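Novice: Below is the structure, and that's it, no one-letter string:
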């Protein structure tokens, strides 16, 4: 068997609101330095480069395409928007005409990979996850690839170590598929009791939204379970020039509806397998989860050298300025050039309501 | 009886630490816009100008003399540092060589007024108090002046309306002196039970540190109760040129020790009288007392138009930036160009410990 041709598909079109005021509509979390060195997008790209992919396909949107290009070029990766000009090790940068959740973005990427190599392996990765142990991550991707080559839709299942209610879960079946397992069921975010039961059973994994499959396999399944989406994207399988690609995309996105790949394909297909994954992983879904990941001092404060904390514990501080806390507990404090947020750590989910209020007040420049 | 010649003495040498990060060593509270229009110093000067004083004597220190001059000139008040060149309605601006509490500053001012008019009335006022009802304040000063002309050391006693433990108290005697009362006793800051008893008795007033007396009367009492201070300042009674004044001050301040006028004279002299004062008054001693004075919205938040508050009550926010609070209760949040403070309102007194820590860390530029 000859070595598989790998394409890494990076989904970088999200417009997070949960890291306001650090993230903005035009500069979302993945292009920011939230945790670790450099932006989360750059870290995502950097993690897969040692796998020597034939090409990267970065799917983003018009508002973020310049940031994506600049960040790729800062890593010395040749970037093109022309599907006919992807060089080995280079990136094809595609801007969706509008955001339609993951299924259309993935179908688009599958069409583009199909033209390059119908049997090419796609590794589909979100661009804003935290995975500090890069080597373990890559080993898991290679295990998943082996299963994908058997014609499976492989998803990474993170072994849970706490009863997290903020993630979806995947239940494995007893049926092994290489180093993976067939999937019994996908589950939505559980309540705490359910999450505890999942944790104890040892049969559930966190759904990390990372997929490995052959382009021809996902295309078959798209045709089977999302036939309208597959039909709309079909012309893109022949797009060999930037202009064709753009006009084909414009037409396709007029037709497709928003849907996640989980709901559209993964929960329906009988070919899904899950690879148990033991590396540390977080989707860094909020300021609160960032606090959990950050290094903290003995008082549980994460805030770097410029923090003076008296009678203050459990805080996350992000500011260029010397910050003094007195009697402050379990707060998120974030200061940017034009806004300041002080938020109880256990209320981090309400940050999106702040944005709704700002919009109502006409402060669109802060969104 | 001819109209008394009034001199308003403004004590503007304090170097507050309690309004950090808004106030700094070189730019303390009185020269900042903390509450009300303009700086507290400008408000203090503006309040007494309608009394048409013969002159203002502003006592400050070397670090703040430029700010004081600039703020006086911004009010079109002629400023001189030369005691021989004080024009009617103008200000004599004097910088103490070092800070030695109120007694030396007041003795210095008494010496300077003595040369101009030994029987001149001195109205001695701190430069950082909040007194919104200016007319009531001036009427009280005029009442106090009548008593001062009888040869009394008059102090304003603010009628308390809550059992404040942060102020010193003055107990009146039953003996009236014009519209004032002889003073029975000065009391240090009480505990809460004592403060409640003071409030109920109706015999106690808050000590606001505002004094009205004739220059010759305070000079006699200084000679009686603080003879070393009076002796050290004696030469200044003849200083008629800037250079003489400065060299005399340098010599005098080498000898004098730090002492408050309350402890040095007021608590000992038998000539003290208190004028009951009913205007709203605060020494604005901390961020916490500022929150009490500020206008607040229905949730008890004081923070102006640029505040988005969810599930947040009882906060004071000072920032040029749009500020969002989520789940934040009873906090002081102050942002300046180089520092950020988040402090529980009932811990506002600990702000000075922040400065001690910054000093230890070598961050002197933030003090």
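Specialist: Cool, the structure landed. All of these numbers come straight from a predicted model, not from anything done at the bench.

Novice: residues in chain A within reach of chain B, list them.
Specialist: Counting by C-beta under 8 Å from any C-beta of the partner chain, chain A comes close to chain B at A:20-21, A:308, A:310-311, A:319, A:321-328, A:331, A:333, A:335, A:338-344, A:346-348, A:350-351, A:353-354, A:357-358, A:361, A:363, A:366. (Glycine included, C-beta is placed from N, CA and C.)

Novice: Mean confidence (pLDDT) on the host helix or strand of residue A:229, please.
Specialist: Here residue A:229 sits within helix A:227-233, counting by DSSP states H and E. Averaging pLDDT along helix A:227-233 yields 98.

Novice: List the buried residues of that helix.
Specialist: A:229, A:230, A:232, A:233 (16 or more other C-beta atoms under 10 Å in any protein chain shown).

Novice: same check, this time on stretch A:168-187
Specialist: Neighbour-count burial for stretch A:168-187, counted by 16+ other C-beta under 10 Å, picks out A:168-172, A:177-178, A:180-184, A:186-187.

Novice: are any of the residues of chain A next to chain B buried, and which?
Specialist: Buried by 16+ other C-beta under 10 Å: A:20-21, A:308, A:310, A:319, A:321-328, A:331, A:333, A:335, A:339-344, A:347-348, A:350-351, A:353-354, A:358, A:363, A:366, out of the residues of chain A next to chain B.

Novice: now, which of these lie within strands?
Specialist: A:308, A:310, A:322-326, A:331, A:333, A:335, A:339-344 (DSSP state E).

Novice: in the very next helix or strand once past the helix holding residue A:229, what counts as buried?
Specialist: Going down the chain from helix A:227-233, the next helix or strand is helix A:242-255, by DSSP H and E. In terms of neighbour count (16+ other C-beta under 10 Å), helix A:242-255 has its buried residues at A:242, A:244, A:245, A:248, A:249, A:252, A:253.

Novice: counting contacts, what elements does helix A:242-255 pack onto?
Specialist: With contacts taken as 3 or more C-beta pairs under 8 Å, 6 or more residues apart in numbering or on different chains; DSSP states H and E, helix A:242-255 sits against strand A:90-96, helix A:102-116, helix A:227-233.

Novice: Could you check the angle the very next helix or strand once past the longest one makes with helix A:102-116?
Specialist: So that's helix A:102-116. Sequence-wise, the next helix or strand downstream of helix A:102-116 (DSSP H and E) is strand A:121-126. Angle, strand A:121-126 to helix A:102-116, by axes from the mean of the first three to the mean of the last three C-alpha atoms, to 10 degrees: 150 degrees.

Novice: just to revisit the earlier point, from the buried residues of helix A:242-255, which single one is nearest chain B?
Specialist: Checking the buried residues of helix A:242-255 against chain B with C-beta to the nearest C-beta, the nearest one is residue A:253 at 33.8 Å.

Novice: for the closest one, what are its contacts?
Specialist: Going by C-beta atoms under 8 Å, 6 or more residues apart in numbering or on different chains, residue A:253 touches A:96, A:97, A:98, A:100, A:104, A:232.

Novice: just to revisit the earlier point, from the helices and strands packed on helix A:242-255, which stretch is densest packed?
Specialist: Ranked by mean neighbour count, these are led by helix A:102-116 with a mean of 25 (mean count of other C-beta atoms under 10 Å in any protein chain shown).

Novice: Mind giving me the packing neighbours of that one?
Specialist: Packed against helix A:102-116 by the contact rule (3+ C-beta pairs under 8 Å, 6+ apart) you find strand A:6-11, strand A:55-61, strand A:90-96, strand A:121-126, helix A:215-225, helix A:227-233, helix A:242-255, helix A:261.

Novice: Indicate the residue of the stretch 101-250 of chain A located nearest to chain B.
Specialist: For the stretch 101-250 of chain A, C-beta to the nearest C-beta, closest residue to chain B: residue A:166, 17.6 Å.

Novice: Could you grab the helix/strand/coil label for that residue?
Specialist: Look at residue A:166: counting by DSSP: H, G, I helix; E, B strand; the rest coil, its state is coil.

Novice: what pLDDT does it get?
Specialist: What the model reports as pLDDT for residue A:166 is 90.

Novice: Quick check: next helix or strand after the helix or strand hosting residue A:135?
Specialist: Residue A:135 belongs to helix A:134-148 when elements are defined using DSSP H and E. Next in sequence after helix A:134-148, counting helices and strands by DSSP H and E, comes strand A:153-158.
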